[in-house]
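Undergrad: one predicted model, sequence on top.
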Amino acid sequence: MGAPYFSVNSSGNMSVRPYGAATLPHQEIDLLKIVKKVSDPKSSGGLDLQLPLIVRLPDVLKNRLESLQSAFEFAIQSQEYNSHYQGVYPVKCNQDRFVVEDIVKFGSPFRFGLEAGSKPELLLAMSCLCKGNPESLLVCNGFKDAEYISLALVARKLALNTVIVLEQEEEIDVVIELSKKLSIRPVVGVRAKLRTKHSGHFGSTSGEKGKFGLTTTQILRVVKKLEQAGMLDCLQLLHFHIGSQIPTTALLADGVSEAAQIYCELVRLGAHMQVIDIGGGLGIDYDGSKSSDSELSVSYGLEEYALAVVRAVQNVCDRRCVKHPIICSESGRAIVSHHSILIFEAVSASSDNAPAMSAHGLQYFVEGLTEEARADYRNLSAAAIRGESETCLFYADQLKQRCIDQFKDGSLGMEQLAAVDGFCELVLKVLGASAPTRTYHVNLSVFTSIPDFWGIGQLFPIVPIHRLDQRPGVRGVLSDLTCDSDGKIDKFIGGETSLPLHELEGKSNGGGGSYYLGMFLGGAYEEALGGVHNLFGGPSVVRVLQSDGPHSFAVTRAVPGPSCSDVLRVMQHEPELMFETLKHRAEEFVQEDDGMANAALASSLASSFHNMPYLAATSSCCLTAIN
Ligand code: PLP
């Protein structure tokens, strides 16, 4: 999973290798040490951040960018391709200010640029690129109105290397009109709707019926309009996007070849073409299978991807005697996924149902059953003695169903129903017929932090970040804090419906430890897509750099997640007014001798507004186990 960035160290903890394969052992960063440092004010130099926590690792981000760049440089050199690679980062994958600023800074030596898909994204890309390399591209994608197009023209005036990529045919009229009005010569691109189709989940963008881009007929009309306006020289870039997680290099090469033909046709028609922008789609290996049969993986690495692209463009251009274009890609997932890790705590786990049952208890529970249920009970017991687990499963199911029916018609009490559950579970456990799955309650909102799991069933690697030198004793599913039955994770990499987990030794079991889990490879898309279901906001965020200090890391930035006030404001509430209303209410209704003075009450209310909506470390022990 996530090779070559994550491994288990000699303490049994998950550690990060910030420079990938080039990381030396003393440079590895222990994730548990980060959690302790930022969430435990008592640890040396410790902070007091609340979990869940996103740990951002800019060194990993830098390594991803440089690896992508070297893969293309190697392919270009080995194929004797006569131009260069110049990528852009699609900011929609993670618009966090520090992620984008880091990418601009790390990519500046090789002119790495940005892609924007909306007006606010364009504004942030413009301001970040002011500190970057002037040659870096600023690719403007997405549906555009006159305001978006004016802004992109202004970006060009500000000497940012801006390209307006036409996503719809009508946009060209606005581009021509506004560029004349503002006297700014634009650089224009077209997004082609390719016939090549990616059949996977992320392929709905591609093919003739895809949502985006211009058909060949529309591209021809755009060429005509530009020619009539005396602006055909402005058309310089061809863009396409097959879809995310392209499964194979064969499909990639097919799409790139089709696009390269369109590129050559545009050259033939007189456009001053410079750049072929192959969009995103560079896949990552979520499940470690490196196989295109899995929706969670792809059958190639960075090197094979780059080679397939370079070869496909070169073959077509050489056959058509067209000068090799600059190759641009808009890889998002492959750049940002690895650099961020979501860490959350399991605060309690459901306990076994099986109660200790005396002979008297057993007698009492059997007596209350109907004749049919008693027969099931006898058959279950006999099958258990013979060690027939399949038969036991059958009779246990039947017995439980009959007892539920009896409970519903009022002829069985709650204690008896619980005793039946416990008895069946005990028998099945002894026979090894079922390893009961526990429910681990995690201090997290799936809707906020892993929205793609809820929305499209996307799976991410989830692993405890410590105790990995101990054999996990139980299997569990994860249930979040939201009051929503979808707020659970019960599907995992490898087709598993539960995770191997350790028994909690923590607060919920009366001990002093905590149990931390990490979700990996979620640096792309998850943060921007997350909602505020149940008004849980985003996690706290820390930025951690590799350093030669005693811990091999330094926390360079720590930001607590949104408070209750912050998330209330998102839904138009006014926390200050709400606080005043509640304070007045307290003055009206609470007597000073009530035990809690008004001042203390107001201060408790104030901290409720001020704290994060998640369980505070001290209150997690109050969460009782629910099965
Ligand atoms: N470019 C465009 C136009 C996209 O629509 C997308 C994502 O869907 C991307 C780039 C990024 O794709 P990926 O994250 O697969 O690299």
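TA: Sure thing, it's come through.
Undergrad: ramachandran angles for the one residue in the stretch 151-300 of the chain that gets nearest to the ligand?
TA: Closest residue of the stretch 151-300 of the chain to the ligand, C-beta to the nearest ligand atom: residue 280 (2.1 Å). All C-beta spots, glycine's among them, are computed from the backbone N, C-alpha and C. Torsion angles at residue 280 (phi, psi; degrees, to the nearest 10) stand at phi -100, psi -150.
Undergrad: could you point out the helix or strand that follows the longest helix seen in the chain?
TA: Secondary structure assigned by DSSP state H gives helix 58-79 as the longest helix of the chain. Using DSSP states H and E, the next helix or strand after helix 58-79 towards the C-terminus is strand 88-90.
Undergrad: hmm, that following strand in reach of the ligand?
TA: Yes. Strand 88-90 is in contact with the ligand by C-beta under 6 Å from any ligand atom, via residue 90.
Undergrad: so what does that strand touch, helix or strand wise?
TA: Applying 3 or more C-beta pairs under 8 Å, 6 or more residues apart in numbering; DSSP states H and E, one finds that strand 88-90 contacts helix 97-107, strand 113-116, strand 137-140.
Undergrad: what is the mean pLDDT for the longest one?
TA: For helix 97-107, the mean pLDDT works out to 97.
Undergrad: any part of it near the ligand?
TA: No. Helix 97-107 does not reach the ligand (C-beta under 6 Å from any ligand atom); its nearest approach is 13.2 Å.
Undergrad: convert the C-alpha atoms of that helix to CSV, please.
TA: Extracted in CSV, the C-alpha atoms of helix 97-107 (Å, rounded to 0.1, in the frame of the first residue of the first chain):
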residue,chain,number,x,y,z
ARG,A,97,-3.4,27.2,0.3
PHE,A,98,-0.3,25.5,1.5
VAL,A,99,-0.6,22.5,-0.8
VAL,A,100,-1.0,24.8,-3.8
GLU,A,101,1.8,27.1,-2.6
ASP,A,102,4.1,24.2,-2.1
ILE,A,103,3.4,22.8,-5.5
VAL,A,104,4.2,26.2,-7.1
LYS,A,105,7.4,26.4,-5.1
PHE,A,106,8.6,22.8,-5.6
GLY,A,107,7.6,22.9,-9.3
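Undergrad: what packs against that helix?
TA: helix 58-79, strand 88-90, strand 113-116, helix 119-129.
Undergrad: hang on, the earlier thing: now render the helices and strands packed on strand 88-90 as a markdown table, adding mean neighbour count.
TA: Below are the helices and strands packed on strand 88-90 laid out as a markdown table (neighbours: other C-beta atoms under 10 Å):
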| stretch | mean neighbour count |
| --- | --- |
| helix 97-107 | 20 |
| strand 113-116 | 29 |
| strand 137-140 | 28 |
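Undergrad: can I get those in JSON lines with distance to residue 555?
TA: JSON lines is the format used below for those (distance: least, C-beta to C-beta, whole Å):
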{"stretch": "helix 97-107", "distance to residue 555": "13"}
{"stretch": "strand 113-116", "distance to residue 555": "27"}
{"stretch": "strand 137-140", "distance to residue 555": "32"}
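Undergrad: out of those, flag the one nearest residue 246.
TA: Of all the helices and strands packed on strand 88-90, strand 113-116 sits nearest to residue 246, with 17.1 Å by C-beta to C-beta.
Undergrad: avg pLDDT for the closest one?
TA: The average pLDDT within strand 113-116 is 98.
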